[in-house]
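# I'd like to go over a predicted model; first the sequence, then the structure.
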Amino acid sequence: MAFHFRLQTLLRLRQSLEERERLRLTLILSAINQLRLRCEHLDHDVANAAQDLCKQLAAGMAAADVHLVRLGMISSRRHKEVLLQKITALTEQRHQQERAFRDAQRKRKILERLRDLQLEAYKREQDRREQQRLDDEFGLRRARSVEPSQAAVNPPDQPN
């Protein structure tokens, strides 16, 4: 008889739930990384705009143009602040999702450990049964080999 883990369906569910939580965590991490990249690009753009502004001021630039460039830089900084707020919110979500993932992982591992323990017990029982069968077989062979020799030593009573 083959080993059957009665909670296999529950184990598959736990594995599925763990995978779902892992994917959610991956999505959050990806979103955080994308926002950080956007922040870096904004920093780079603001730095380039500041350099360009300095060059253009040295070459002589109209006040209206200076004002427009500064408004663009201010807008970029505000946009970065919004991105940083989103990163902060996603970081909190990441912490929550990490806890959910670890919880799902822990529950799956408990069931896997239970399955492993039951499989070990099943194998020990199978080994015990096989040893019992071998012992019984050996006992039968020994009994058969002893019977003919005992018959020669103790002949049956013969009627006269």
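Received the coordinates, thanks. The structure displayed is predicted, hence computed values, not measured ones.

# for stretch 112-126, buried residues please.
For stretch 112-126, burial by neighbour count (16 or more other Cβ atoms under 10 Å) applies to residue 115. All C-beta spots, glycine's among them, are computed from the backbone N, C-alpha and C.

# how far does it sit from the chain's center?
In terms of Cα atoms, centre = their mean, to the nearest Å, the centre of stretch 112-126 is set 23 Å apart from its chain centre.

# residues in contact with that stretch?
For stretch 112-126, contacts defined as Cβ atoms under 8 Å, 6 or more residues apart in numbering pick out 3, 5, 7, 8, 11.

# any idea how far residue 32 is from the fourth one?
Translated: residue 8. Plainly put, residue 8 is 36 Å away from residue 32 if you go by Cβ to Cβ, to the nearest Å.

# more neighbours, the two?
Neighbour count, other Cβ atoms under 10 Å: between residue 8 and residue 32, residue 32 has more, with 18 against 11.

# how about residue 52: what's its closest non-neighbour residue?
Nearest residue to residue 52 in three dimensions, chain neighbours excluded: residue 69, at 7.5 Å (Cβ to Cβ, 6 or more residues apart in numbering).

# surely that neighbour touches residue 49?
Yes. Checked against Cβ atoms under 8 Å, the pair residue 69 and residue 49 is within contact range at 6.1 Å.

# what ranges do the helices span in this structure?
8-59, 63-153 (DSSP state H).

# tell me the most buried of the ones you listed?
helix 8-59 (a mean of 14; mean count of other Cβ atoms under 10 Å).

# Provide a list of residues in contact with the residue nearest to residue 52.
With Cβ under 8 Å, 6+ apart, residue 69 has these contacts: 49, 52, 53, 56.

# what is the nearest of those residues to residue 141?
residue 49 (96.2 Å; Cβ to Cβ).

# skipping adjacent residues, who's closest to that closest one in space?
residue 73 is the one closest to residue 49 (Cβ to Cβ, 6+ apart), at 5.4 Å.

# got the contact list for the one you found?
Contacts of residue 73 (Cβ under 8 Å, 6+ apart): 46, 49, 50, 53.
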